[in-house]
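>>> Using only what follows, build the 3D model:
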Amino acid sequence: MKRLIFILFPLLLLSCHSRNEIAYSWDPVYNIEVLWDIIDTKYCFVAEKGVDWDAVRNTYVAKAATIPQGDPVALFDLCASMLDSLHDGHVNIYTSFDVSRNAAWYDSYPRDFYPIQQSLYLHDYRIAGGLQYDTIDNGKIGYVYCPSFSTTISAANIHWVIKAFMGCKGLILDVRDNGGGDLSNAYRLAAAFFDKDTHVGYWNHKSGTGHFDYSSAERLTVKADDSPSKWLRPVVVLANRRTYSAANFFLDCMTQAGNAVIIGGVSGGGGGMPLSYEMPCGWTVRFSSVKMYNTNMQSIEEGIAPHLVVTTKQTDTKDQIIEKAIQIIQATTD
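All right, here's what the predicted structure looks like:
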């Protein structure tokens, strides 16, 4: 927990935003200009996204000038459209009537996660915190599905899952369609696969208003003691484009686990930690202000590539990604 406090402390400093800095207003042009400036000076991926942000400003200020003053829905749609140009699922506007969201980062990819996963591989599963688990392949392989890191995953939860699989040759850990949640849960689950403290990447935060103004990079480390129970046998991690945010970071951790193979598709990314600011009209805009990297100091914002690309289709009678994971474990342990 000290690690997370250390990470979050500078964010709290960055997020102190005095309401006196901007005037309360429903004026569309003013709201677009302030929103553009917040992203321009505080969002950490402007340069990485490759968007001509100055051109975006000119385009949307002109559009804002045509919106009636008393039409909040039209203003919301315009703001959401402007932010969509960033192609970032961590950039959102929250209002009392809607939440903007950009799904382009996964909509352009084929679906590869269907109800067949539940009907064929989780017949009579148990639940340990945020983990659903059962054995497959005639009890030879453990299968764990982690749908979200928003639900607590405690050391005790991990202990009971591993205990249930002590007679298994390998473990399949499925984080497909996991949209993220609490980084503490991602750290704790990853720690079950490491027998020593392991460097898994770096982080830094915006330190100024320029697109390249960042603090010095700090190391990110998985602490082995975060999970006293260990699984050091083969593990195959399943990912897809909807594996996002904290789940994306979990995948980055697992690239450093010597007993792990990641298969499926490129994850959705979301390699930043979000902050929130207030717009002149009172709406809240959320965006990333902390940037996370792998051990080679490469940003993980655009996702983690699997060791092996595997797909499954809605017409398949079995989940081909799970079936490939079974084959990998069988080949490793035979």
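
>>> Residue 257 is in contact with residue 192, isn't it?
No: the pair residue 257 / residue 192 is not scored as a contact, 9.5 Å apart, by CB atoms under 8 Å. Any C-beta I mention is one placed from the backbone N, CA and C, and that applies to glycine too.

>>> Please say which of the two ends up with more neighbours.
Neighbours of residue 257 and residue 192, each counted by other CB atoms under 10 Å, are more numerous for residue 192; the result is 25 against 21.

>>> tell me the contacts of that one?
Counting by CB atoms under 8 Å, 6 or more residues apart in numbering, residue 192 makes contact with 158, 162, 227, 229, 230, 231.

>>> Excluding chain neighbours, give the residue nearest to it in space.
Nearest-residue entry for residue 192: residue 227, 4.2 Å, with adjacent residues in sequence omitted and distances by CB to CB, 6 or more residues apart in numbering.

>>> Can you name the residues that contact that neighbour?
Going by CB under 8 Å, 6+ apart, residue 227 touches 155, 158, 188, 189, 191, 192.

>>> The closest residue to residue 214 other than its chain neighbours: what secondary structure?
Computed as CB to CB, 6+ apart, the closest residue to residue 214 that is not its neighbour in sequence is residue 204, at 4.6 Å. With DSSP: H, G, I helix; E, B strand; the rest coil as the basis, residue 204 sits in strand.

>>> what about residue 204, distance to residue 252?
Taking CB to CB, to the nearest Å as the criterion, residue 204 is separated from residue 252 by 15 Å.

>>> for the stretch 101-250 of the chain, what spans make up the strands?
Assignment of strands within the stretch 101-250 of the chain using DSSP state E, counting those that start in this stretch yields the ranges 126-128, 131-136, 141-145, 170-174, 198-205, 218-222, 235-239.

>>> buried residues in the fifth one?
Translated: strand 198-205. By neighbour count on 16 or more other CB atoms under 10 Å, the buried set for strand 198-205 is 198, 200, 201, 202, 203, 204, 205.

>>> Give the rounded mean pLDDT of stretch 296-305.
Mean pLDDT, computed over stretch 296-305, is 97.

>>> How about exporting that stretch as CSV, limited to the C-alpha atoms?
Only the C-alpha atoms of stretch 296-305 are listed here, as CSV (Å, rounded to 0.1, in the frame of the first residue of the first chain):
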residue,chain,number,x,y,z
ASN,A,296,12.4,-0.9,-21.5
MET,A,297,10.8,2.5,-20.8
GLN,A,298,8.3,2.0,-23.6
SER,A,299,4.8,3.3,-23.0
ILE,A,300,2.1,0.7,-22.4
GLU,A,301,-0.7,3.1,-23.4
GLU,A,302,-1.4,1.3,-26.7
GLY,A,303,-1.5,-2.2,-25.2
ILE,A,304,0.5,-5.3,-24.5
ALA,A,305,1.2,-7.7,-27.3
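
>>> buried stuff in that stretch?
Neighbour count says stretch 296-305 has 299, 300, 301, 302, 303, 304 buried, by 16+ other CB under 10 Å.

>>> Which residue would you name as the spatial centre of this protein?
residue 245 (0.9 Å; CA atoms, centre = their mean).

>>> Check whether the closest residue to residue 57 other than its chain neighbours sits in a helix, strand or coil.
Leaving aside its chain neighbours, residue 57 sits nearest to residue 36 (4.7 Å; criterion: CB to CB, 6+ apart). Here residue 36 is helix, with the state taken from three-state DSSP.
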